[in-house]
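# Provided below are the primary sequence and the corresponding predicted coordinates.
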Amino acid sequence: MLHIILVYYTDLCRFLCVCDVVGSMREIDVIDVARQEDCKMLMRDWTEYYNSQHRRKIYNVISLEFSHTK
């Protein structure tokens, strides 16, 4: 089952489906690259940032575990 889920997210859904699966209100850990500091961001805010053409800051998500969700 896990293999099917990984293929599904990689090939069909891309990033927006991850937001749907974990929930838009899930708090995730991100790194502010310029400051090299950890901070928290809601998944809906990260999705908006990720899809934005003009980013004022650079954020990284190192890991996002979602194998035991919905």
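It's in.
# Which parts of this protein are strands?
When secondary structure is read from DSSP state E, the chain shows strands at 27-32, 37-42, 59-60.
# Mean neighbour count, those strands: which tops it?
strand 27-32 (a mean of 15; mean count of other Cβ atoms under 10 Å). Bear in mind the C-beta positions are built from the backbone N, C-alpha and C, glycine included.
# low-scoring stretches of the protein, by residue?
For the chain, the stretches flagged by pLDDT under 70 are 1-16, 68-70.
# could you redo the last one with a cut-off of 80?
1-21, 64-70 (pLDDT under 80).
# Walking through it, point out its helices one by one.
For the chain, the helices defined by DSSP state H cover 2-8, 15-22, 43-51.
# so which of the strands of the chain gets nearest Ser67?
Closest approach to Ser67 among the strands of the chain (Cβ to Cβ): strand 27-32, 14.9 Å.
# ok so, going back, nearest to Cys17, out of the strands of the chain?
Cys17 lies closest, by Cβ to Cβ, to one member of the strands of the chain: strand 27-32, at 15.4 Å.
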